[in-house]
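Novice: need a structure here:
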Amino acid sequence: MGRPVQYGGQAVIEGVMMRGPRESAIAVRLPKGEIEVTRLEINAWARKPIFKLPLLRGFVALVDSLIVGTRALTFSASRSMGGEEVGEESSETELGFWELALTIGLAFGLGLLLFVGLPTGMAHLLRGKISGVVWQNLLEGAIRLVVFFLYILVISRLKDIQRVFQYHGAEHKAIFTYEAGEELTVENARRFSRLHPRCGTSFLLIVVVVSILVFAFVGLHPLWWRLLSRMLLMPLVAGIAYEILKFSSRHLESPWFRWLIVPGLLLQKLTTREPDDAQLEVALAALKGVLDSGQELT
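Specialist: Numbers count the residues shown, from 1 in each chain. Modelled structure (predicted):
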């Protein structure tokens with residue numbers, strides 16, 4: 001017998017995507033008010049044994065989440081605006097392979113530019129005032145943290161994003177309800193926290209912190225090598241961050257490890273909002289959809 005699945009999800013446009021190891025379920029509130037639940041098959045490439053190895057599995061999980069999340073966002077955007085219906089179970093989305101690859105590539109490239117290129121370049125420009133490998137890497141890491149927090153703060157003030165963040169909170173409450181073994185009802189879900197220790201927001205924060213430590217062992221000159229080394233080491237950084245997140249989430253009962261999740265939970269106060277009952281209903285519908293697909297054990 002395998003281990004029980006740790007379900008996770010993502011807020012999408014007017015809905016929530018919940019995923020298991022083989023399928024995801026996307027619940028979307030349609031323009032007329034009803035909830036549509038669609039199950040989409042997840043490509044099996046990320047489940048290959050070699051991709052389950054420690055450290056490697058972290059970067060694989062990040063890439064897989066980008067692929068599944070982009071498909072879910074595109075699909076929900078179409079359905080929430082009354083796009084063409086695709087049925088209860090489907091493996092099709094609005095994006096073809098090359099369109100999906102281009103979308104993910106652009107998102108990944110912009111992320112590298114904002115969180116790698118900008119902090120590294122700014123620290124390099126200040127090398128005349130703050131020199132030395134240790135201080136330069138600390139400065140670069142501090143700039144990266146500031147950019148990350150400012151990015152979260154800015155998008156959290158956008159009206160449309162605030163509604164997505166409400167669905168993000170609903171997703172967490174639904175998962176908490178399931179993990180507590182309670183009936184999946186709006187009344188039960190409402191009682192739980194909107195902050196979850198396995199959230200992707202926490203993962204991204206750990207990535208930023210781990211990058212400071214990993215990049216400290218890499219030389220600073222020339223600038224092109226400094227930039228390239230950061231990009232080449234990102235899979236290792238993601239792998240280490242993933243292991244830290246998994247380890248801390250499995251030892252929440254220990255006061256020695258509980259502190260590891262506190263910064264991520266605090267950051268989630270920006271990336272989640274308290275959902276209303278209608279949004280909780282959508283999140284629970286998505287969770288029930290993925291549970292009905294029979295993925296209880298891995």
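Novice: Ser24 belongs to a strand?
Specialist: Yes - assessed with DSSP: H, G, I helix; E, B strand; the rest coil, Ser24 lies in a strand.
Novice: That one: neighbour count?
Specialist: 26 (other CB atoms under 10 Å). In this view, the C-beta of every residue, glycine as well, is placed from N, C-alpha and C.
Novice: Quick check: the closest residue to it other than its chain neighbours vs Ala216, distance?
Specialist: Among residues not flanking Ser24 along the chain, Leu40 sits closest, at 5.1 Å (CB to CB, 6 or more residues apart in numbering). Separation of Leu40 from Ala216 (CB to CB, to the nearest Å) stands at 41 Å.
Novice: Please apply the same query to Pro275.
Specialist: For Pro275, the distance to Ala216 - CB to CB - is 40 Å.
Novice: who's more crowded, those two?
Specialist: Pro275 (28 against 14).
Novice: Shouldn't that one be within a strand?
Specialist: No - Pro275: not assigned to a strand; according to three-state DSSP it is coil.
Novice: what's the closest non-adjacent residue to it?
Specialist: Ala170 is the one closest to Pro275 (CB to CB, 6+ apart), at 3.7 Å.
Novice: which SS state does that neighbour fall under?
Specialist: helix.
Novice: Over to Pro263?
Specialist: helix.
Novice: With adjacent residues omitted, what lies nearest to it?
Specialist: Spatially, and ignoring its direct neighbours in sequence, Pro263 is nearest to Leu205 (6.0 Å; CB to CB, 6+ apart).
Novice: how close does that neighbour sit to Cys199?
Specialist: 10 Å.
Novice: got it, and Trp256?
Specialist: Separation of Trp256 from Cys199 (CB to CB): 21 Å.
Novice: Then Glu23?
Specialist: For Glu23, the distance to Cys199 equals 21 Å [CB to CB].
Novice: between these two, which one's more packed in?
Specialist: Of the pair Glu23 and Cys199, Cys199 is the one with more neighbours under other CB under 10 Å, namely 26 against 19.
Novice: which residues touch that one?
Specialist: Applying CB atoms under 8 Å, 6 or more residues apart in numbering to Cys199 gives the contacts His172, Gly264, Gln268, Thr271.
Novice: redo that, cut-off 10 Å
Specialist: Residues counted as contacts of Cys199 (CB atoms under 10 Å, 6 or more residues apart in numbering) are 8-9, 168, 171-172, 175, 205, 245, 249, 261, 264-265, 267-268, 271-272.
Novice: where does it fall, phi/psi-wise?
Specialist: phi -60, psi 150 (degrees, to the nearest 10).
Novice: And the pLDDT for it?
Specialist: At Cys199, the model reports a pLDDT of 87.
Novice: in the stretch 151-298 of the chain, which ranges drop under the pLDDT threshold?
Specialist: Scanning the stretch 151-298 of the chain for pLDDT under 70 picks out the ranges 257, 293-298.
Novice: rerun that using 90 as the cut-off
Specialist: Within the stretch 151-298 of the chain, the ranges that satisfy pLDDT under 90 run 156-160, 197-209, 211-232, 234-235, 238, 241-267, 291-298.
Novice: which SS state does Val28 fall under?
Specialist: Val28 is classified as strand under three-state DSSP.
Novice: Quick check, it in contact with Leu73.
Specialist: No - at 11.0 Å, Val28 does not count as touching Leu73 under the criterion of CB atoms under 10 Å.
Novice: Quick check: neighbours shared by the two?
Specialist: Shared contacts of Val28 and Leu73 (CB under 10 Å, 6+ apart): Val12, Ile13, Gly15, Met17.
Novice: quick one: contacts for the second one?
Specialist: Read that as Ile13. Counting by CB under 10 Å, 6+ apart, Ile13 touches 28-29, 72-81, 160, 163-164, 167.
Novice: Just give the closest residue to the residue positioned nearest the centre of the chain, not the sequence neighbours.
Specialist: The chain has Gly200 as the residue nearest its centroid, 3.3 Å off, counting by CA atoms, centre = their mean. Sequence neighbours aside, Ser65 is the residue nearest to Gly200 in space, at 7.0 Å (criterion: CB to CB, 6+ apart).
Novice: on that earlier part again, tell me which two of the shared contacts of Val28 and Leu73 sit farthest apart.
Specialist: The distance between the two most remote of these (CB to CB) is 10.3 Å, for Ile13 and Met17.
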